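Peer 1: Can you look at this prediction? I've put the sequence above it.
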Protein chains: 2
Amino acid sequence: MSKISIKDIALKANVSIATVSYVLNGTRNVRPETRRRVEAAIEEMNYKPNDIAKSLKRQHTNTIGVIAEDITVFNAPDIIDGINDFGDRHDLHILLVNLRLDKRIGRNFNDVTAYRKYAANAVSELLSKQVDGIIYIGVHTRDLTGLIDTEGKPIVYTYGYTKDDVSIQYNDEQASYEAMAYLISQGHSRIAIISGLMDSIPSRLRLNGYYRAVTEFQLPFDPLLIKMGDWERESGFRLAAELLAMPEPPTAILSMNDVMAVGVLQAAAAQGFKVPEDVSVMGFDNREFSDYLTPRITTMNLPLHEMGYQAIETLYQIINGKTSDTRLPPQCQLIERDSVAAPRTK
Amino acid sequence: MSKISIKDIALKANVSIATVSYVLNGTRNVRPETRRRVEAAIEEMNYKPNDIAKSLKRQHTNTIGVIAEDITVFNAPDIIDGINDFGDRHDLHILLVNLRLDKRIGRNFNDVTAYRKYAANAVSELLSKQVDGIIYIGVHTRDLTGLIDTEGKPIVYTYGYTKDDVSIQYNDEQASYEAMAYLISQGHSRIAIISGLMDSIPSRLRLNGYYRAVTEFQLPFDPLLIKMGDWERESGFRLAAELLAMPEPPTAILSMNDVMAVGVLQAAAAQGFKVPEDVSVMGFDNREFSDYLTPRITTMNLPLHEMGYQAIETLYQIINGKTSDTRLPPQCQLIERDSVAAPRTK
DNA sequence: AATTTTTATCTAAACGTTTAGATTATGGCT
DNA sequence: AGCCATAATCTAAACGTTTAGATAAAAATT
């Protein structure tokens, strides 16, 4: 059992513990001969430093707390991976707390009191462990102002933001606009959109992108082409069915996530519409399965890894008092596959 | 900034720091009146305990190190979720290290020296942080004997094992056998299997299950029905194409994972076989998308959450010197959907 | 009222480091 | 050979707790 401390090796190398510390950290000069002796002792006794003790003295832990609302939701792992990517390069460790919100209070976060309790616990756990900063990973972007008190410890949000803290976001409005622009470039002008839950900020933002595209490209605007889904497959199916049953159905359907797009595909098949020949469909998220469906679905990739990377990078800068050189925000990217084509010319 | 320590509150409450510690931990009796005083001080000064200091004195951290070979691989998040589930109930914190193996050395772990380096770094990081134990989450089950030295710190493996350490596994052989039994119960006797990479232990185990089923149910054995894939969609497609082009094609195809099953579905469609009418197909893993495909694919659920839960529970018992009451290992579960039916009677 | 027992509180050391500041050793100059 | 500057090393305090053991206070027993 590794009970050997700096003290033991000091004894063995016949120097003071301070000297050992100096060779360990290179904080002061030490004579080559002495250095050799203590290094030999370290080697021989298989000394392993104790970061807990270090952290107590220095006033930081090199550890950052990550709060994930639910780690099993598709966006979390890649964001965390981005965090690790930066963390590895800067010797930052990750203390993870998983709120498990999906299991505990479900997807719509109305139960603010329960939420507050879980969040407060998470933060105080992290604070007790003296993390140098906190990263928050939500499942849907929303305003978290006033919900989390970190007692002054720096925090940066992804998928979520606050009036007072920094947050890393991609531009939902722009992404949606770009999806529309792509569809329009393919020749579509009658384009339907199926949104997520309307209390969700991304839903509203993406709808704005839709409106902007319709306006800028001067498409004929038809409010009947706008449908409100709930992010789930079934709603995509139901809403697409309605859309395709219209006297003059849209030639393209933009779904605000890939799982509703699955429903859209199924509705199209059920009503004898071929995709993309009879109707184009486009998703959002670039979920792994979007490549497995038939047809492979064209979608919008989310810069998840980059968000995590930028989140911790920003946090790191805040912690170290560096002037955060403003990077451009993470960008979505259109993934062109097989579910979009030019509309039939009638 | 929360610089108030036990010392400050001792001062304010006019007691010694020991007394404060006693009320904090209930380790000794303290007069109600005194307790009230210190509690008031704690409240008033908003005192937050410092776990780092605690950990230095007590010889444990209440922190478990989790090493994930790659957190973006599908099995990791649910396992971690299981770990958190137990961790929450026992006040155990999670220090996560993500080896990011997929990005660094790819899926086949031949490069043992690079692997060793990453693993050793991870362990020593965790050891420095004085974790009470370690959980290892691999991406594929394999023998890790001799690769990781935890210097005596307890470790439990999932998706991976060692001659010397405890590991939590589901029974691959059995799961595969059960899949076969199900297919046979539906009337199939000419059943093909598409394996994963053959240097993978699950591949071999599942093949054993296949053999056992063939033997026990006395199916006619045809070696041509056994195909070696590589876990990727494309191999499922190619191999299923071969299978379906046989003079007497199988009536059912068991794929060792859901992603190859996608390829199987596509090959069937390409060759005009309807699923499940002309050929049944079954997957493995119960990936989210298996429910989104057409037809929805019947598959084998992996007890990921339970594995994580049992892993940390076992570790907890080892750490606390409790006799590990032997639980039965996590069980796979067949998820019946639409891709399997009785074979055509010719 | 004096003594003993019990209960509450305090003192001080310890956990493993880092780091000012003090002390000592080394080597160059005269 | 003696002095000085410089370089190397040491001493001791500090970080925020816990916890034996000592002491003081209160309660119970005579």
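Peer 2: Everything's here; your move. Numbering: from 1, shown residues only, chains lettered A, B, ... in the order given.
Peer 1: Just list what the lowest-mean-pLDDT helix or strand in chain A packs against, helices and strands only.
Peer 2: Least confident helix or strand of chain A, by mean pLDDT, DSSP states H and E, is helix A:101-104 with a mean of 90. Under the contact criterion of 3 or more CB pairs under 8 Å, 6 or more residues apart in numbering or on different chains; DSSP states H and E, helix A:101-104 touches helix A:112-128. Yep, even glycine has a C-beta here, placed from its N, CA and C like the rest.
Peer 1: tell me what the helix it packs on is packed against?
Peer 2: By 3+ CB pairs under 8 Å, 6+ apart, helix A:112-128 packs against strand A:63-68, strand A:93-98, helix A:101-104.
Peer 1: hey, which of the ones you listed is tucked in deepest?
Peer 2: strand A:63-68 (a mean of 26; mean count of other CB atoms under 10 Å in any protein chain shown).
Peer 1: Output that one as PDB - backbone C-alpha positions only.
Peer 2: The C-alpha trace of strand A:63-68 is given here as PDB (Å, rounded to 0.1, in the frame of the first residue of the first chain):
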ATOM      1  CA  THR A  63     -10.500  19.700 -11.200                       C
ATOM      2  CA  ILE A  64     -13.500  21.000 -12.900                       C
ATOM      3  CA  GLY A  65     -17.000  19.900 -12.100                       C
ATOM      4  CA  VAL A  66     -19.300  18.900 -14.900                       C
ATOM      5  CA  ILE A  67     -23.000  18.800 -14.300                       C
ATOM      6  CA  ALA A  68     -24.900  17.000 -16.900                       C
END
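Peer 1: Report the angle between it and strand B:93-98.
Peer 2: 90 degrees (axes from the mean of the first three to the mean of the last three CA atoms, to 10 degrees).
Peer 1: Centre of the chain to the helix or strand that strand A:63-68 is followed by, how far?
Peer 2: Using DSSP states H and E, the helix or strand that follows strand A:63-68 in sequence is helix A:75-89. Taking the mean of its C-alpha atoms, helix A:75-89 sits 9 Å from the chain's own mean (CA atoms, centre = their mean, to the nearest Å).
Peer 1: just stretch A:37-48 next, same as before
Peer 2: 43 Å.
Peer 1: Is any residue of it near chain B?
Peer 2: Yes: applying CB under 8 Å from any CB of the partner chain, one finds stretch A:37-48 touching chain B at A:Asn46, A:Lys48.
Peer 1: now stretch A:301-317
Peer 2: No: judged by CB under 8 Å from any CB, stretch A:301-317 stays clear of chain B, getting no closer than 8.6 Å.
Peer 1: Please enumerate the strands of chain A.
Peer 2: A:63-68, A:93-98, A:133-137, A:155-158, A:166-168, A:191-195, A:226-228, A:252-255, A:280-282, A:299-301, A:333-335 (DSSP state E).
Peer 1: so which of the ones you listed is the most packed in?
Peer 2: By mean count of other CB under 10 Å, these have strand A:252-255 as the most buried, with a mean of 31.
Peer 1: For the stretch 201-346 of chain A, give me the ranges with low pLDDT.
Peer 2: In the predicted model, the stretch 201-346 of chain A carries pLDDT under 70 at residues A:324-325, A:346.
Peer 1: still on that earlier bit, dump the helices and strands packed on helix A:112-128 to JSON lines, plus distance to B:Ile80.
Peer 2: Shown next, in JSON lines, are the helices and strands packed on helix A:112-128 (distance: least, CB to CB, whole Å):
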{"stretch": "strand A:63-68", "distance to B:Ile80": "9"}
{"stretch": "strand A:93-98", "distance to B:Ile80": "7"}
{"stretch": "helix A:101-104", "distance to B:Ile80": "13"}
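Peer 1: just so I know, which of these lies nearest DNA strand D?
Peer 2: Smallest distance to DNA strand D across those (CB to the nearest atom of the strand): 15.7 Å, for strand A:63-68.
Peer 1: Check which helices and strands that closest one is in contact with.
Peer 2: helix A:75-89, strand A:93-98, helix A:112-128, strand A:133-137.
Peer 1: One more pass at 10 Å, please.
Peer 2: helix A:75-89, strand A:93-98, helix A:112-128, strand A:133-137, strand A:155-158, helix A:304-319, helix B:75-89, strand B:93-98 (3 or more CB pairs under 10 Å, 6 or more residues apart in numbering or on different chains; DSSP states H and E).
Peer 1: Tell me who's in contact with the closest residue to chain B within chain A.
Peer 2: Of all residues in chain A, the one sitting closest to chain B is A:Phe289 (3.3 Å; CB to the nearest CB). Under the criterion of CB atoms under 10 Å, 6 or more residues apart in numbering or on different chains, the neighbours of A:Phe289 are A:258-259, A:261-262, A:283, A:296-297, B:258-259, B:262, B:287-293.
Peer 1: Are any of those residues buried, and if so which?
Peer 2: A:258-259, A:261-262, A:283, A:297, B:258-259, B:262, B:287, B:289-293 (16 or more other CB atoms under 10 Å in any protein chain shown).
Peer 1: about what we covered before: can I get the least confident helix or strand of chain A in CSV, CA atoms only?
Peer 2: The C-alpha coordinates for helix A:101-104 follow below in CSV (Å, rounded to 0.1, in the frame of the first residue of the first chain):
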residue,chain,number,x,y,z
LEU,A,101,-33.2,14.4,-14.8
ASP,A,102,-34.8,12.2,-17.4
LYS,A,103,-35.4,9.5,-14.9
ARG,A,104,-36.3,11.8,-12.1
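Peer 1: Give me the domain ranges for chain A.
Peer 2: A:6-49, A:63-170+A:304-329, A:172-301 (automatic domain parsing).
Peer 1: surely A:Leu126 meets A:Ile94?
Peer 2: No: the criterion here is CB atoms under 10 Å, and A:Leu126 misses it with A:Ile94 at 11.0 Å.
Peer 1: list residues touching both of these two?
Peer 2: With CB under 10 Å, 6+ apart as the test, A:Leu126 and A:Ile94 both reach A:Thr63, A:Ile64, A:Gly65, A:Val66.
Peer 1: Now render those as CSV, adding distance to DNA strand D and pLDDT.
Peer 2: Listed next are the shared contacts of A:Leu126 and A:Ile94 as CSV, based on distance: CB to the nearest atom of the strand, whole Å; pLDDT from 0 to 100:
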residue, distance to DNA strand D, pLDDT
A:Thr63, 16, 98
A:Ile64, 19, 98
A:Gly65, 17, 98
A:Val66, 23, 98
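Peer 1: Distance to A:Ala122 added to those residues, as TSV?
Peer 2: Below are the shared contacts of A:Leu126 and A:Ile94 laid out as TSV (distance: CB to CB, whole Å):
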residue	distance to A:Ala122
A:Thr63	15
A:Ile64	13
A:Gly65	8
A:Val66	10
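Peer 1: Columns distance to DNA strand C on top of these, output as TSV?
Peer 2: Shown next, in TSV, are those (distance: CB to the nearest atom of the strand, whole Å):
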residue	distance to DNA strand C
A:Thr63	16
A:Ile64	20
A:Gly65	22
A:Val66	25
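Peer 1: one step back: and the helices and strands packed on strand A:63-68 as CSV, adding distance to B:Phe109?
Peer 2: Output for the helices and strands packed on strand A:63-68, formatted as CSV (distance: least, CB to CB, whole Å):
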stretch, distance to B:Phe109
helix A:75-89, 18
strand A:93-98, 23
helix A:112-128, 33
strand A:133-137, 29
strand A:155-158, 31
helix A:304-319, 22
helix B:75-89, 16
strand B:93-98, 16
